[in-house]
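Colleague: Turn this into a model:
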Amino acid sequence: MLIISRLEKSCLRMENNQAILNFLGIAKRANKIVSGENTLLSEIRNGKVHFLFIASDTGPSTSKKFLDKSNYYHVSVNTMYTKEVLSNAIGMKRTIIGIKDQGISKKMIELTNRIKGE
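Modeller: From the prediction side, this is the model:
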């Protein structure tokens, strides 16, 4: 039986957090992200966005709008990061970021679920 200490779990969680941010940076360099409120809403409706980052410090009305859209169109969402962290990961100030690539989105979902403990 494998016993993992709290410290090891914490380290794994930090590694997964960094991996998500690294993949976000890779997606940006590969031109696989969408940002901008109207553009994102359009891309979500058209089924081109497969994963969505909503900053934890986004305004309540904007957050609700995108959470509702993502639920309706079955887009997975990550709300664990602040605007500053997301902006640093992609090198530009953004609050909401959509991922267009299915492969990167699948990995983001997997890593997000690991962090949440699912």
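
Colleague: Give the buried residues for stretch 15-32.
Modeller: Along stretch 15-32, the positions that meet the burial threshold by neighbour count (16 or more other Cβ atoms under 10 Å) are 16-17, 19-21, 23-24, 27-28, 32. Just so you know, the C-beta spots here come from the backbone N, C-alpha and C atoms, and that holds for glycine as well.

Colleague: got the end-to-end distance for stretch 29-43?
Modeller: 19 Å (Cα to Cα, to the nearest Å).

Colleague: same thing with stretch 69-76?
Modeller: One end of stretch 69-76 sits 11 Å from the other (Cα to Cα).

Colleague: can you list contacts of that stretch?
Modeller: The contact list for stretch 69-76, computed with Cβ atoms under 8 Å, 6 or more residues apart in numbering, reads 41, 44-45, 47, 49-52, 77, 98, 105, 108-109, 112.

Colleague: Now Ala55: closest residue in space that isn't a chain neighbour?
Modeller: Nearest residue to Ala55 in three dimensions, chain neighbours excluded: Lys83, at 4.2 Å (Cβ to Cβ, 6 or more residues apart in numbering).
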